[in-house]
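Generate coordinates for the sequence data below:
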Amino acid sequence: MSLFRKTRWSRREVLKQSGMISAIGAATAISPLAASAVALAGPQSSSLTQHPLPARQGSDTDNLFTRIGVRPIINAHGTFTIISGSRSLPQVKQAMFEASHYFVHLDELMDAVGKEFGQLTGAEWGIATTGCEAAIALATIACIAGTNVEKSQALPYIKAKDQVIVPKHSRNPYDFGIRMTGAEIVEVESEEELRKKLSSRTAMIYILSAPAAESGPLGIPNICRIAKEAGIPVFVDAAAEEPLVPNIHIQHGATLVGYSGGKCLRGPQSSGMLIGDKSLCRAAYFQAAPHHNYGRAFKCSKEEIMGLLAAVRQWYKRDHAAEQREWLAWLQHIESQVKGLPSVTTEYLQPEDLSNRAPRLRIHWDANQLHITGTELLARLDAGTPRILLDGGSGTRPDHMASSVTIMPYMMGPGEDRIVADAIFTALTKPGHYDNPVIPTGSPAEVQGTWAVVIQYARGVGEQRLTLKQSGNELSGTQNGELYKASLKGSIHADKIELVSDMAVSGNSVAWNFQGDVTGSHMGGVVQLGEFGSATWKATRT
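Predicted structure coming up:
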């Protein structure tokens, strides 16, 4: 019987069946990911419906996205959430479609799936989550409160265990999953500091799996050994990694390991998997939806749960060597299209670890000869039809004409290598005309000194203080924000100013690029904030 059998039914109305895209993709003889799609085209066995799995409607240029003004992408960039992660497997689509026809008790479902996750991965147990970030948060809550109902209901305000230790090399934007629980992150930089900061307040130790965490005093094996002595759980964030069996992190002594379901597993994009200690996995699920605890917001549907299970099952059936050969063949085709062009050279970049484990192709050229830089080529492909995103590029006018672009085949589909190859070849052989940026002439405005800055965000206002030093056209200085500080560099040409900084924040950094005009004791313009969008700014000399 399920540990959580006596839960209240959700007050929310059950969502009605929605259309899924076809499980039948473009299959080729070489593609191990697409080949199994054909087998899914037969009649459905469900006794609840006479309808087959819906066929995909629309085309590359006319589909459900284009009809609302959204341009689909050929993904030669990778498993980035901002461009919707990975392409789910046919078996995942099939499982989600079939799951949508039934009602089940979610506690019973998670118990059954948890047992199978353990069997498949070699762990003691597992649960489905809404992404690896949710796995981080739920693991933290489980280590703080377990399944103690009173402690659960008191979160985030009352907790005896309120600290999570994180090696400094593991700080990253995703440790928001810890901070959102109200736990305090305690950074350590040595084994001695780790031992010193372990206390009755320590709920968990978090480690981001990466080459830097493989060995040494603050490597995963040594931290797990120290944590075991103190009886402290260790969570390893392996979001983008391949879930090998036996699991390398559990072998090292990790208590819990988190994975993304929407990266190499090719499951539902908003899914994740938490595996490891059975009691903590079940406590993490206890803290999540459908239970009315602190993790209620992390609701994982039956469709996502069964889609993830299908993806994990397939992971241990897929021919990964064949996938690697196929990806390499796609890159070799792209290389063959451009390698004869003037100044073009190529190199293959191999993955360093289990994350995003696929080869990449980097194409180099001299933009003085081919008349287009890498950044211009990226922008051209992004604006083109079909829209193509590559895995970065370099080269800017007029001083950095050594250019490159990188192609990541990890999330490409059969035939897309030819589309990418043709688009790059056309851009390099018919580049069109690009002008050098216009640099204003005249004496640079005097901006040395201290400036009070008001930043108008899309919602809200910020106040900062910039202190600038000037040597001709070159600028340097400091940026004092409301909470954080950064060093500034920039330039001033006539009345046009540009300032850039990289502001270290908790576990992350924010890139600022101020551009604007100077008029006497005032200046202002637009500041670009990378993934955080843009804002307008005005400054007054003080």
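
Would you mind measuring from residue 417 to residue 265?
Plainly put, residue 417 is 23 Å away from residue 265 if you go by CB to CB, to the nearest Å. Any C-beta I mention is one placed from the backbone N, CA and C, and that applies to glycine too.

do residue 61 as well
30 Å.

So which of these two has more stuff around it?
Just comparing residue 61 and residue 265: by other CB atoms under 10 Å the higher neighbour count belongs to residue 265, 25 against 10.

beta partners for residue 503?
residue 510 (DSSP bridges).

Following the longest helix anywhere in the chain in sequence, what is the next regular element?
For the chain, the helix with the greatest residue count under DSSP state H is helix 320-338. Once the chain leaves helix 320-338, the next helix or strand it forms, by DSSP states H and E, is strand 345-349.

Note down every partner strand of that following strand and its orientation.
When DSSP bridges is applied, strand 345-349 pairs with strand 360-366 (antiparallel).

And the partner strand, how far out from the chain middle?
24 Å (CA atoms, centre = their mean, to the nearest Å).

helices or strands next to the helix or strand following that strand in the packing?
Toward the C-terminus, strand 360-366 is succeeded by helix 367-370 as the next helix or strand (DSSP H and E). For helix 367-370, the packing partners by 3 or more CB pairs under 8 Å, 6 or more residues apart in numbering; DSSP states H and E come out as strand 400-407.

by contact count, what packs against the strand it packs on?
strand 360-366, helix 367-370, helix 374-383, strand 387-390, strand 393-396.

got the residue ranges for the helices in the stretch 51-200 of the chain?
Secondary structure of the stretch 51-200 of the chain (DSSP state H, counting those that start in this stretch): helices located at 90-99, 106-121, 132-145, 149-154, 176-179, 191-197.

for those helices, which one sits closest to residue 347?
Ranking those by proximity to residue 347 (CB to CB) places helix 132-145 first, at 31.0 Å.

what is the mean pLDDT for the closest one?
Averaged across helix 132-145, the pLDDT comes to 98.

list the buried ones in it?
Neighbour-count burial for helix 132-145, with 16 or more other CB atoms under 10 Å as criterion, is recorded at 132-145.

what do you get for stretch 402-409?
403, 404, 405, 406, 407, 408, 409.

One more: stretch 353-364?
355, 356, 357, 358, 359, 360, 361, 362, 363, 364.

In this structure the third one contacts residue 244, no?
In this case it means residue 357. No: using CB atoms under 8 Å, residue 357 makes no contact with residue 244, being 10.5 Å away.

Point out where the protein drops to low pLDDT.
Applying pLDDT under 70 to the chain flags the ranges 1-53.

swap the cut-off to 80 and go again
1-54 (pLDDT under 80).

Tell me how far residue 437 lies from residue 491.
12 Å.

So between these two, which is more surrounded?
Comparing residue 437 with residue 491 by other CB under 10 Å, the one with more neighbours is residue 491, at 16 against 8.

excluding its backbone neighbours, what's nearest that one?
Spatial nearest neighbour of residue 491, excluding adjacent residues (CB to CB, 6 or more residues apart in numbering): residue 473 at 5.2 Å.

How about residue 437?
residue 397 (6.3 Å).

Hmm, residue 438 and the one you found touching each other?
No: in this structure residue 397 lies outside contact range of residue 438 using CB under 8 Å: 10.9 Å.

which of those two has more neighbours?
Neighbour count, other CB under 10 Å: between residue 397 and residue 438, residue 397 has more, with 15 against 8.

mind checking how far that one is from residue 433?
Taken as CB to CB, the span from residue 397 to residue 433 is 12 Å.

Contact partners for residue 225?
residue 253 (CB atoms under 8 Å, 6 or more residues apart in numbering).

where does it fall, helix, sheet strand or coil?
At residue 225 the chain is in helix, as set by DSSP: H, G, I helix; E, B strand; the rest coil.

before we move on, what about residue 297?
coil.

just checking, next helix/strand downstream of the helix or strand containing residue 470?
Taking DSSP H and E as the definition, one finds residue 470 inside strand 461-471. Next helix or strand after strand 461-471 toward the C-terminus (DSSP H and E): strand 474-480.

contacts for the next helix or strand after that following strand?
Beyond strand 474-480 on the C-terminal side, the first helix or strand identified by DSSP H and E is strand 485-493. For strand 485-493, contacts defined as CB under 8 Å, 6+ apart pick out 439-442, 444-445, 447, 466, 468, 470, 473-479, 497-504, 512, 514, 518.

Show me what counts as buried in strand 485-493.
Under 16+ other CB under 10 Å, the buried positions of strand 485-493 are 486, 488, 490, 491, 492, 493.

May I see those arranged in JSON lines, with distance to residue 336 as well?
Formatted as JSON lines, those follow (distance: CB to CB, whole Å):
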{"residue": "486", "distance to residue 336": "45"}
{"residue": "488", "distance to residue 336": "46"}
{"residue": "490", "distance to residue 336": "43"}
{"residue": "491", "distance to residue 336": "42"}
{"residue": "492", "distance to residue 336": "47"}
{"residue": "493", "distance to residue 336": "44"}
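
Looking at the residues you listed, which is nearest residue 283?
residue 486 (39.9 Å).

So what pairs up with that closest one in the strands?
residue 479.

No further queries at this time; thank you.
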